[in-house]
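Asks: Prediction below, plus the sequence it came from.
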Amino acid sequence: MTGVVQMGATVLLYSRYDQLVRQALTNEQGKFVFDKLSPDLYSIRVTLASFVPAIRRNIAVAAGSENLLQINLATLLSSIDLVSAGPSRGALMSDEWKWVLRSSQATRPVLRLLPVSSSAVNTDTMFSDTTALVRLSAGDSDSLTSGSGQDLGTAFAVATSIYGSTRVQFSGNVGYTSASVLPSAGFRASYSRSEDGQSSPEIIVTARQLYLPNLTAVSSSDPGLALRTVSVAIRDKADLTDHLRLEYGASMDAVMFVQHVTYVSPFARASYDLGKGGSLRFAYSDGADPGALLERSSSAAANDALGNEQLSQDLAQLALLPRISQSDDRLRVQRTRNFEGGYRIAQGSRVYGVAMYSEAVTNAAFVLSGARGFVPYSDSLPDLDSNSRIFDVGNYNRMGYAASMKQLLGARMDVTTAVGRAGALADEQPASADTAVSIRNSIQQVQRMWASAAFSATLPPFGTRLTTSFGWTDARVLMPDHLFLTEDVTESTGWNVRVRQPLPFLPSRCGRLEATAELRNLLAQGYLPLQADGEKALLTNSPKAVRGGLAFIF
């Protein structure tokens, strides 16, 4: 480290797949060593209280070589410079010694080329860096329109590297719902390859099948209506310049539920690094949820109590179903076209950000809870494992903006606050009749302020991981969720809590066991009351839910 040496800084070493492989602390001279590393590409992250973390990616480690890292921790902009120290002493043969051997008659025979047997061509392990998890959970069901994962009960995921250059991940979610006699399931497989420092596009295939309750069934053994989805996605990234990175991709989705609908969803995000001046981001998406665009952050992987962020994100993507509805007896799929720009800058232990977006939503689907027949069955769908209906409120266009601040409270805690203004839905006038058209016409768009706060911490000495957030807006409106692609904030209304608790169950070499608890919208906020011919109903995109479970990671 340059300047004043710092003792006790945490140094994390990640593989090319952002998996933590080594960890060290700097000594009284501000130094650390990672020796006996396999030739590959690595990333390094250095953190110390009161300093901005320093990150360096794509550090090439060759056989028999040494790399010197010059790390400068600062309160505004930290940096890591890479200085090649050349071959390590005694590890490789010097050029002078090679010429000595070539000029000597006694040693010249060692220079002859001999045939190599096929059994000795490849000595690398076929499977390496294998990780897996199994998760069991139970509790309240999730709505198809809530934007949260459809946790069916048993989820699993496994990832491995093949010969160190190919990464394969496979995940699944299997379970029963109380309204169906047949199991529901979803499976997701991804493939990516990286060789000689060059990464190929990642290909992802996802298939799901769920059964929705059939309210017109005459027998309790009726399996219900089958919802089937198939998706093929591709995503990639490219560094156009030293400061400009482009992330892009597209997915082709097919949804089968009575009718068949096929659509394509492209997305892209450009990030420009301004150095000390912060960074700019511009994003575009059209179609389904572009959650695949969100990059995996090293900080999240380092602080995550599960220690397996990639597999957890893979399961989260598997659980996100297309938002479907029905209008005039025809299947509708919600599509969102989003243009967004954002700016972020770090100053000391704080990160400031602003973002603006323009959003156009077609066939917006929300949960409607009310008396039986409040809306005709031809203009609604039964929700998963509940007595509510999915209602298509039509189309809307809105603009919004947000300003946020994230405060780091040491290496284990952070607080994020955000405030903004965006379009919301309000019931301006009661519907004249209980028809879908009149109910849609009674819902109007209004501009409202919103605010949110989130707190995340890892609590010693038991390693409890606590994440809680609260969102506020006008209680008389429904604020649709907007997935920010340039900032780490949310417009979600209500109070949410998530807890992860490691359990002392098995030796660390055999795996880890953790208990999880998740409480969503505890105060039942963000509900829009509707009226039609004296009947009342509630419209929401975030129903109250409580879930818990166990996760085994090995």
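Replies: It's in.
Asks: Low-confidence ranges, the stretch 51-200 of the chain, go.
Replies: Applying pLDDT under 70 to the stretch 51-200 of the chain picks out residues 64, 75-78, 83-125, 140-152, 176-181, 195-199.
Asks: Helix, strand, or coil at residue 438?
Replies: Assigned by DSSP: H, G, I helix; E, B strand; the rest coil, the conformation of residue 438 is helix.
Asks: Need the pLDDT of it.
Replies: If you check residue 438, the pLDDT there is 85.
Asks: do the one 5 residues further on as well
Replies: Reading off the per-residue confidence, residue 443 sits at a pLDDT of 89.
Asks: Just list the residues touching residue 350, thanks.
Replies: When contacts are counted by C-beta atoms under 8 Å, 6 or more residues apart in numbering, residue 350 touches 405-408. Where you see a C-beta, it was placed from the backbone N, CA and C, and this is true even at glycine.
Asks: Averaged pLDDT, the longest helix seen in the chain. What do you get?
Replies: As assigned by DSSP state H, the longest helix anywhere in the chain is helix 309-319. Mean pLDDT, computed over helix 309-319, is 77.
Asks: ok, now stretch 367-378?
Replies: The average pLDDT within stretch 367-378 is 82.
Asks: tell me which residues in that stretch are buried?
Replies: 367-370, 374-375 (16 or more other C-beta atoms under 10 Å).
Asks: what's the first-to-last distance across it?
Replies: Chord length of stretch 367-378, first to last residue, is 16 Å (C-alpha to C-alpha, to the nearest Å).
Asks: repeat for stretch 29-44
Replies: Span of stretch 29-44 from end to end, C-alpha to C-alpha: 19 Å.
Asks: chain center to that stretch, what's the gap?
Replies: 28 Å (C-alpha atoms, centre = their mean, to the nearest Å).
Asks: ok, and what's touching that stretch?
Replies: By C-beta under 8 Å, 6+ apart, the surrounding residues in contact with stretch 29-44 are 1, 5-7, 9, 11-16, 18, 21-22, 24-26, 55-63, 69, 80, 164, 194, 197, 298.
Asks: If we use 7 Å, what do you get?
Replies: 1, 5-7, 11-16, 18, 22, 24, 26, 56-63, 69, 80, 164, 197, 298 (C-beta atoms under 7 Å, 6 or more residues apart in numbering).
Asks: now those residues: which count as buried?
Replies: 1, 6, 11-16, 18, 26, 56, 59, 69, 80, 164, 298.
Asks: Going by distance to residue 156, which of those residues wins?
Replies: residue 18 (20.8 Å; C-beta to C-beta).
Asks: Tell me the pLDDT of the closest one.
Replies: We have a pLDDT of 70 for residue 18.
Asks: pretty sure it belongs to a helix, no?
Replies: No - secondary structure of residue 18 (three-state DSSP): coil, not part of a helix.
Asks: how near is it to residue 131?
Replies: Residue 18 sits at a distance of 12 Å from residue 131 (criterion: C-beta to C-beta, to the nearest Å).
Asks: what does residue 19 give?
Replies: In terms of C-beta to C-beta, residue 19 sits 7 Å off from residue 131.
Asks: ok, back up a step: mind checking which of the contacts of stretch 29-44 land in strands?
Replies: Judged by DSSP state E, strands contain the following of the contacts of stretch 29-44: 11-14, 22, 24, 56-61, 69, 80.
Asks: so which of those comes closest to residue 458?
Replies: Among the ones in strands among the contacts of stretch 29-44, residue 12 lies closest to residue 458 (C-beta to C-beta), at 14.7 Å.
Asks: Enumerate every residue touching that closest one.
Replies: 20, 23, 44-45, 302.
Asks: give me the beta-bridge partners of the nearest residue to it once chain neighbours are set aside?
Replies: Closest residue in space to residue 12, ignoring its immediate chain neighbours: residue 45 at 4.6 Å, by C-beta to C-beta, 6 or more residues apart in numbering. Counting by DSSP bridges, residue 45 is bridged to residue 12, residue 55.
Asks: okay, now residue 45: neighbour count?
Replies: Residues within reach of residue 45, counting by other C-beta atoms under 10 Å, total 20.
Asks: just residue 504 next, same as before
Replies: Neighbour count for residue 504, taken as other C-beta under 10 Å: 8.
Asks: Tell me how far it lies from residue 312.
Replies: Residue 504 is 21 Å from residue 312, by C-beta to C-beta.
Asks: do the same with residue 319
Replies: Distance from residue 319 to residue 312, by C-beta to C-beta: 11 Å.
Asks: same question, residue 458
Replies: Residue 458 is 16 Å from residue 312, where distance means C-beta to C-beta.
Asks: quick one, which of these two is more surrounded?
Replies: residue 312 (21 against 17).
Asks: rewinding a little: separation between the residue nearest to residue 12 and residue 278?
Replies: Taking C-beta to C-beta, one finds residue 45 at 20 Å from residue 278.
Asks: possible to save the contacts of residue 350 as JSON lines with secondary structure and distance to residue 440?
Replies: Converted to JSON lines, the contacts of residue 350 look like this (DSSP: H, G, I helix; E, B strand; the rest coil; distance: C-beta to C-beta, whole Å):
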{"residue": "405", "secondary structure": "strand", "distance to residue 440": "38"}
{"residue": "406", "secondary structure": "strand", "distance to residue 440": "39"}
{"residue": "407", "secondary structure": "strand", "distance to residue 440": "42"}
{"residue": "408", "secondary structure": "strand", "distance to residue 440": "45"}
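Asks: From those, pick the one nearest residue 542.
Replies: residue 406 (23.1 Å).
Asks: what's around the closest one, how many residues?
Replies: Residue 406 has 21 nearby residues by other C-beta under 10 Å.
Asks: who does it bridge with?
Replies: Per DSSP bridges, the residues bridged to residue 406 are residue 351, residue 416.
Asks: next one: residue 397
Replies: Beta-bridge partners, per DSSP bridges, of residue 397: residue 360.
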